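J.: Requesting a structural model of the entry that follows:
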Amino acid sequence: MEITEIRIHLRDEERLKAFATVTFDDMFVVHNMKVVNGNKGLIVCMPSRKIKDGTYKDIAHPIKNEFRSKLEHAIIDEYNKALKNNGAEVKKS
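T.: Here you go, the predicted structure:
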């Protein structure tokens, strides 16, 4: 499975830095991945939903650690490019 497109939607919030939309093999898209400023730097959070007990559960996520790492690095690289190129277009919420 190849990552064929990553679109970054910048945010101007304390922890939430961007949403990412990722296309795989030009055939499958996943919306609402988040770039978050965690305690040890930027992290990528998979799309999730709130369940009855108030916690959140991922609704889509990589199964293998190697692919998770590849995906996270690709998203954070695109996020950094978006900051450089489009910093003036950050959306405030």
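
J.: Could you report the pLDDT at the nearest residue to Met1 once chain neighbours are set aside?
T.: Nearest non-adjacent residue to Met1, counting by CB to CB, 6 or more residues apart in numbering: Phe24, 5.3 Å away. C-beta: built from backbone N, CA, C; applies to glycine. As summarised for this prediction, Phe24 has a pLDDT of 96.

J.: Count the residues that sit near Phe24.
T.: Counted by other CB atoms under 10 Å, the residues lying close to Phe24 total 14.

J.: for the residue lying closest to Ser48 once chain neighbours are set aside, what are its contacts?
T.: In space, not counting the residues next to it along the chain, Ser48 is nearest to Tyr56; the distance is 4.2 Å by CB to CB, 6+ apart. Taking CB atoms under 8 Å, 6 or more residues apart in numbering, we find Tyr56 in contact with Ser48, Arg49, Lys50.

J.: ditto for Asn32
T.: Asn32 neighbours (CB under 8 Å, 6+ apart): Phe19, Thr21, Pro47.

J.: Which SSE is immediately downstream of the helix or strand harbouring it?
T.: Asn32 belongs to strand 28-38 when elements are defined using DSSP states H and E. Proceeding N to C from strand 28-38, the next assigned helix or strand is strand 41-45, under DSSP H and E.

J.: ok, residues contacting that next one?
T.: Strand 41-45 has contacts (CB under 8 Å, 6+ apart) with Lys17, Ala20, Met33, Lys34, Val35, Val36, Leu71, Glu72, Ile75, Ile76, Tyr79.

J.: repeat that with 6 Å
T.: Contacts of strand 41-45 with the rest of the structure, by CB atoms under 6 Å, 6 or more residues apart in numbering, involve Met33, Lys34, Val35, Val36, Glu72, Ile75, Ile76.
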